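Colleague: structure of the sequence below:
(chains A and B)
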Amino acid sequence: MDAFLFSQYLLSGLVIGVIYSLMALGITFIYSVMKMINWGMGEFYMIGSYAQYALIVSFFGPKQWYLALPLAMAGVFVLGVVIQRFLLRPMFVGGIERRDEYATIVTIALMILFRNLAIVLGGPNQYAPPDYARPTTIGTLPISGNRFVALIATLVLLGLFYLVIKKTWVGRALRGAAQNRVGIQTAGIDVLRLDMLAFGIGVALAAAAGALLAPDFLVYPENGAISTFKGFEIIVIGGLGSVLGSIVGGVLLGVIEALGSVFISAAYKDLYGFVLLIALLVFRPTGLFGERERSV
Amino acid sequence: MNGRGRIALLTTLLIAGLTAPALAQKPVKIGVLTPLSPPGDAAAGQFIARGAKMGAEDVNARGGVLGGRKIELVVEDDAGTPEKGGAGFRKLASQDQAVAVVGQFHSSVMTAVQALAEQFKVPVFSTQASARQITERHLEYTFRTHVIDPDRCQMWTRWVKERGFKRAALITENTDYGVGLVEETKKAFASLYPGGELKTIIFDRQVVDLTPQLLEIKNWKPDILLNGGIGTPTYLIIKQAYDVGLHPSVPMLISYDAPSRPEYWKTLGEKGTWASFIVYYHPTMRLTARGEAFRKKYMAEFKEDPVYGALNAYAQVLLLADALNAAKSDNSEQLVKALLANKFEGWNGTISFTRGEGPYWQQWTPPMLVTQYTKPEMPFAEVKIVYPSELKTGDWMAAPKR
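Modeller: Prediction:
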């Protein structure tokens, strides 16, 4: 194995890892603020991919993918806000004792609903928006133009997310909610409105991943399943609730899968991430950047 | 008999008289168990269901079976997974009382449901599932009117050899079909093309990023890429092979007829050009009267040429109707006897089931052809048959350099 080939596999894993981290970031962000796992995250990825396809084919064309992307994200953001307001909010205001179970049941029900709606509305076949860009190269790696676009857009979105969270009032409020939901209410912040925002942003990030990967990984009712799977792996590897962990975990998973599938066997590609995950659970149960929860 | 007794007798006779024709006219149910949702090849399942429905309509228009009973189709989605296939078959056999089940597409599902077919004594037909073991198990209630993988792999090995491709790479999924393709192609290379080199890669069916595997193949420098995906993975391989610069500079042969469907160009655009693919039906083929009638009706109804899956499912429903009439019963044992004892008009020839050796058990094989797209958005009706040489309508062409 020469360095050239190794660098190709490494870069391939890095690129897909960064893109997957967008999905993981959405999951971990919702968890941080709302303390719930959204099991239907893959379906928001799927809706994002359908929305992007519809917008590109009907209005913008592939060259203006950058106009379709924010619209697809905005649509899913609004959907997320509505779902949070009417289906998840009762978890916090309705005196529900078993919040985790409630959230699990609601989000799994949403997952089944959206998947079947997609089959009813769009049929079971796959679609693909036309290519966003011509194939190109990154260093030694020949890469699809779509994936290059997805990489750049992911980096931009991660940067924007960082700026919003670190530099804006809303971001500070969201960080506060992530640290202490009760404490932040004593500062006069409406945590239920923050929940809506957090859920909307989280699912919009998943939609962005779906929209960006639509030309390469296709649009079909179950296309979100694999990315949800990866997203959960990443947050356990990186540490639940850690933004940095989502990114590092994504990259690590992408690289390990790429190298494992070439050097060991492609038939067990999904297994390599789980081996890493199990090793981490044994030696560092909180993940790479997760912190042990403290309770009084 | 007193008055009350007479009334009771008359009432009984009246009820019997009214219900007897109704019982006689009870429809004969045929199950269609096929993939209609992901991760199965849902497009294939839709065509199969479409063909089966047209078959039932034709039989019913001609007066039905067994002296006037209508054929009623019960369609179930197996989603391309053995567990859903098993559940669907159980429902068809027990709840719906289907006399036979057609429409099987995925080898993994067919392999799972054929055991149930024995248990429930309901004949099951492979419409497009081609794994060797399906008929090699010599099960009484399993029938197939589709190609088998050893034949497919021998055929593509002969084509690879004839074209002078020294190094062939096969990428396929970890299903019964994919694993079977690898085993059979290795055997075929060993026996038919000992000088040829073969590299095989099996990937997990759930995986959507095949870039590392395609880079590995590219760096191996093959002369031909054999695409063993089914459904979505077929398209992922083509797209991603194009993106890493493997296709079309390295020719690609797709293992089945997915490119003949209208969705092919919608999904792939220009990336689909120059792909060669195996088909079992071509619009220039001479069909039987039954096949020709179906083609005309299909084209009138759907404004497109039929695809093989629809044609084969149609023929299976018709041959089942013929077998039911020959058996003079919807009893499954009688039906199996009739299937084995008679010859049936298929879509391009006469179908008969014999209990041959190995996988040639209750098996009828359609022709296999290699065709090629040579321009973007090329209609399937215009593709040339490039192999076998005796049926050739055009020459295979290498793609120009990108």
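
Colleague: residue 116: which element?
Modeller: In the absence of a named chain, chain A is used. helix A:99-122 (DSSP states H and E).

Colleague: can you look at chain B instead?
Modeller: Going by DSSP H and E, B:Leu116 is part of helix B:107-120.

Colleague: the next helix or strand after that helix packs against which elements?
Modeller: Note on helix B:107-120: by DSSP H and E, the next helix or strand toward the C-terminus is strand B:124-126. Strand B:124-126 makes packing contacts with strand B:100-104, helix B:107-120, strand B:142-144 when contacts are defined by 3 or more Cβ pairs under 8 Å, 6 or more residues apart in numbering or on different chains; DSSP states H and E. (Each C-beta comes from the backbone N, C-alpha and C, glycine too.)

Colleague: give me whichever of the ones you listed is most buried.
Modeller: strand B:100-104 (a mean of 31; mean count of other Cβ atoms under 10 Å in any protein chain shown).

Colleague: thinking again about what came up before, out of the helices and strands packed on strand B:124-126, which is closest to A:Thr137?
Modeller: helix B:107-120 (37.8 Å; Cβ to Cβ).

Colleague: determine how far the closest one lies from the middle of the whole chain.
Modeller: For helix B:107-120, the gap between its own C-alpha mean and the chain's C-alpha mean amounts to 16 Å (Cα atoms, centre = their mean, to the nearest Å).

Colleague: mind listing the strands for the chain?
Modeller: Just so you know, I chose chain A. A:136-138, A:141-143 (DSSP state E).

Colleague: the chain in question should be chain B.
Modeller: Going by DSSP E, chain B shows strands at B:28-34, B:71-77, B:100-104, B:124-126, B:142-144, B:167-173, B:197-203, B:224-228, B:252-254, B:275-279, B:343-345, B:350-352, B:369-372, B:384-387.

Colleague: now tabulate those strands in TSV and tack on distance to B:Arg286.
Modeller: Formatted as TSV, the strands of chain B follow (distance: least, Cβ to Cβ, whole Å):
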stretch	distance to B:Arg286
strand B:28-34	27
strand B:71-77	28
strand B:100-104	24
strand B:124-126	24
strand B:142-144	23
strand B:167-173	32
strand B:197-203	35
strand B:224-228	29
strand B:252-254	25
strand B:275-279	15
strand B:343-345	14
strand B:350-352	13
strand B:369-372	13
strand B:384-387	13
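
Colleague: of all these, which one is nearest A:Leu244?
Modeller: The nearest among those, by Cβ to Cβ, is strand B:197-203 at 31.2 Å.

Colleague: list the neighbouring strands of the closest one plus their orientation.
Modeller: The pairing partners recorded for strand B:197-203 under DSSP bridges are strand B:167-173 (parallel).

Colleague: average pLDDT across the strand it pairs with?
Modeller: In this model, strand B:167-173 has an average pLDDT of 97.

Colleague: ok, stretch A:166-174 next?
Modeller: Here the average pLDDT along stretch A:166-174 is 92.

Colleague: what do you get for stretch A:200-216?
Modeller: Rounded mean pLDDT across stretch A:200-216 is 95.

Colleague: same question for stretch A:141-157.
Modeller: Per-residue scores along stretch A:141-157 average to 93.

Colleague: where does the stretch 251-400 of chain B get nearest to chain A, residue-wise?
Modeller: B:Thr267 (4.9 Å; Cβ to the nearest Cβ).

Colleague: and that residue, how close does it get to B:Lys239?
Modeller: 8 Å (Cβ to Cβ, to the nearest Å).

Colleague: where do the contact lists of those two overlap?
Modeller: Each of A:128, A:218 lies in contact with both B:Thr267 and B:Lys239 under the rule Cβ atoms under 8 Å, 6 or more residues apart in numbering or on different chains.

Colleague: what parts of the stretch 251-400 of chain B come near chain A?
Modeller: B:263, B:266-269 (Cβ under 8 Å from any Cβ of the partner chain).

Colleague: just the buried ones from those residues?
Modeller: Buried by 16 or more other Cβ atoms under 10 Å in any protein chain shown: B:263, B:267-269, out of these.

Colleague: which ones among these map onto helices?
Modeller: Of these, the ones assigned to helices by DSSP state H are B:263, B:267-268.

Colleague: specify which member of the residues you listed is nearest to B:Lys297.
Modeller: Once Cβ to Cβ is applied, the member of those that ends up nearest B:Lys297 is B:Glu263, at 21.9 Å.
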